[in-house]
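J.: pasting the structure only:
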């Protein structure tokens, strides 16, 4: 009886161990299924991350290329601006120089007009100065100017010496 009792206890333990083994096997199968699901999720996420990384890398490449083109464009515009600004400053300097020359020419013309007006007024008011003016003009036209006479004198003096 003791043997039967022990045997039935061992059978119960074995049945319990079989049931426990079945439960553990079922739990292991469930854990393996969950692990496969998790691995599939990880694989799917890894593929998504790889795709996003490739897209990001391409976008970064395109953005860098675009940025480099914009930088070159801005540099070209700045260089053009500097060139145009130097041309404008050079033209402004030329314009100021031309204005100064024009102002000087205008002053000299005004002075010449003033001299002519004064000479005309003096000739119109002073009869002896008017007579002297006409006498000098007649002398110049007749070749009796001092420079002509001096030239003739030097020419005849040189001829006489030879």
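T.: Sure thing, it's come through. All figures in this text were calculated on a predicted structure; none of them were measured in a lab.

J.: what's the spacing between residue 27 and residue 33?
T.: 11 Å (C-beta to C-beta, to the nearest Å). C-beta: built from backbone N, CA, C; applies to glycine.

J.: Determine how far whatever helix or strand residue 24 lives in lies from the middle of the whole chain.
T.: Using DSSP states H and E, residue 24 sits in helix 2-125. Centroid separation for helix 2-125 versus its chain: 20 Å, with C-alpha atoms, centre = their mean, to the nearest Å.

J.: Local confidence estimate at residue 148?
T.: With respect to pLDDT, residue 148 scores 68.

J.: tell me the contacts of residue 129?
T.: 122, 123 (C-beta atoms under 8 Å, 6 or more residues apart in numbering).

J.: Residue 130: how many residues sit nearby?
T.: By other C-beta atoms under 10 Å, 13 other residues sit near residue 130.

J.: again with residue 105
T.: 10.

J.: Against residue 157, how distant is it?
T.: Taking C-beta to C-beta, one finds residue 105 at 44 Å from residue 157.

J.: and what of residue 127?
T.: For residue 127, the distance to residue 157 - C-beta to C-beta - is 39 Å.

J.: cool, and residue 3?
T.: For residue 3 relative to residue 157 (C-beta to C-beta), the value is 180 Å.

J.: before we move on, what about residue 146?
T.: 16 Å.

J.: Check residue 87 too.
T.: Distance from residue 87 to residue 157, by C-beta to C-beta: 64 Å.
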